[in-house]
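Visitor: predicted model, plus sequence, below.
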Amino acid sequence: MKTTFTKEEAALLLKILPEQNDLVRLVNPVEQKVIWCSDPAHAGDAFCSDVWGHSSRCENCSSLRALNTRGRTYKLERMDDHFYLIISQYMCIGESRHILEIVNDITDRALIDGSLRTDLGDLVQNYNSRLYLDSLTDIYNRRFLDEVFIPTAEIYESRHVPIHVTIGDLDHFKIINDTYGHLCGDAILKDVASFWKLRFNSREKEKEQLVIRYGGDEFVIISCGISAAEAVDTVRRDYESMRKFCYFEKQDIPFSISFGNASSEEFSESYDWQKLFNLADQRLFKAKKGFCLF
């Protein structure tokens, strides 16, 4: 599959494709920008997601996945009782990385029985919204971190937007599971996730506030666009106000969390997400050993 194009080849492709498809766009999914669009009605869209009727980033952004894999992805989208097939193709044009989006209305072209369209629409909508959510805790999952946030973090680093990461790990979680059972452990995970989601749940560009289940009993809290001191103070204050026990089968099961923090402001030279995450992880290890809490 061809992914590298000269400017002349790209211009020719953008001239031919609109003749065969309903909508063709060249987008930067990380910055949510529309670079070029075949439909004048959408050429001035401020965000690439405007075409779907909302300005926030699509929860299941196939173009971000295409950018991350440097390949091609496919997605079904529903809007106003119409079904659309979106093909997202990675394109490197000279020094620039873009995504070519090809969109077609397949409502009347696909062999879908009318009585099944509502069910299919619900299925598509549910799949798109749940792809990046952890099934137990209903917060973002590891796939979201890898495919959506980390590519965004690369742009933030180039723009000097501060990124602060906190890794939280439930203390002695295995003992809780062994003592009270895994259902109790699940209840605690859901309690903890719900608490942090209420406080860190914003997708505002360059000011994102996110909580992600990294795996097992580990959570990653991300704050963008604020200072390291403000980010640490916020997490500390929230944790101090947290109810540190879970109601389970008429018992109050106590738990605690250790944290490791790191900020992009600590790096005098360039950094990447892995360096930032590793620093927070090292500090979490020290916290678990009792050297520090924050």
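Guide: Perfect, thanks for sending it.
Visitor: okay, F255 and T179: tell me how far apart.
Guide: Distance, F255 to T179, by C-beta to C-beta, to the nearest Å: 12 Å. In short, each C-beta sits where N, CA and C put it, glycine included.
Visitor: of these two, who's got more company?
Guide: More crowded of F255 and T179, by other C-beta atoms under 10 Å: F255, with 20 against 11.
Visitor: what's near enough to touch the residue lying closest to the more buried one once chain neighbours are set aside?
Guide: Nearest residue to F255, sequence neighbours excluded (C-beta to C-beta, 6 or more residues apart in numbering): I188, at 5.4 Å. Counting by C-beta atoms under 8 Å, 6 or more residues apart in numbering, I188 makes contact with L170, F173, I176, C246, F248, I253, F255.
Visitor: R243: how many residues sit nearby?
Guide: 9.
Visitor: oops, could you answer that again for I176 instead?
Guide: The number of residues near I176, taken as other C-beta under 10 Å, comes to 21.
Visitor: do the one 10 residues further on as well
Guide: Per other C-beta under 10 Å, the neighbour tally for D186 reads 14.
Visitor: do the one 4 residues further on as well
Guide: Taking other C-beta under 10 Å as the neighbour definition, K190 ends up with a count of 16.
Visitor: for W273, same thing?
Guide: 20.
Visitor: strands of this protein, start to end?
Guide: Along the chain, counting by DSSP state E, strands occupy 4-5, 23-28, 33-37, 72-79, 82-93, 96-105, 163-170, 209-215, 218-224, 245-248, 251-254, 257-263.
Visitor: what helices or strands is the first one leaning on?
Guide: In this case it means strand 4-5. strand 82-93 (3 or more C-beta pairs under 8 Å, 6 or more residues apart in numbering; DSSP states H and E).
Visitor: now do the strand it packs on against strand 33-37, angle only.
Guide: Relative orientation of strand 82-93 versus strand 33-37 (axes from the mean of the first three to the mean of the last three C-alpha atoms, to 10 degrees): 90 degrees.
Visitor: quick one, domains of the chain?
Guide: 4-130, 142-288 (automatic domain parsing).
Visitor: how about the ones you listed in a markdown table, adding mean pLDDT and distance to L136?
Guide: Listed next are the domains of the chain as a markdown table, based on pLDDT from 0 to 100; distance: least, C-beta to C-beta, whole Å:
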| stretch | mean pLDDT | distance to L136 |
| --- | --- | --- |
| domain 4-130 | 82 | 12 |
| domain 142-288 | 92 | 6 |
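Visitor: returning to that earlier point: going by distance to W52, which of the contacts of I188 wins?
Guide: Here the nearest of these to W52, counting by C-beta to C-beta, is L170; it sits at 37.4 Å.
Visitor: how close does that closest one sit to K190?
Guide: 12 Å.
Visitor: tell me where the protein has helices.
Guide: 7-16, 62-69, 117-130, 142-144, 150-158, 173-180, 182-199, 228-241, 273-288 (DSSP state H).
Visitor: can you put these in CSV and add distance to I93?
Guide: Formatted as CSV, the helices of the chain follow (distance: least, C-beta to C-beta, whole Å):
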stretch, distance to I93
helix 7-16, 5
helix 62-69, 13
helix 117-130, 28
helix 142-144, 28
helix 150-158, 18
helix 173-180, 48
helix 182-199, 39
helix 228-241, 37
helix 273-288, 25
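Visitor: highest average neighbour count across these?
Guide: Burial of these is given as mean neighbour count (mean count of other C-beta atoms under 10 Å); helix 62-69 ranks first at a mean of 22.
Visitor: in terms of secondary structure, what does that helix contact?
Guide: Using 3+ C-beta pairs under 8 Å, 6+ apart as the contact criterion, the elements in contact with helix 62-69 are strand 72-79, strand 82-93, strand 96-105, helix 150-158.
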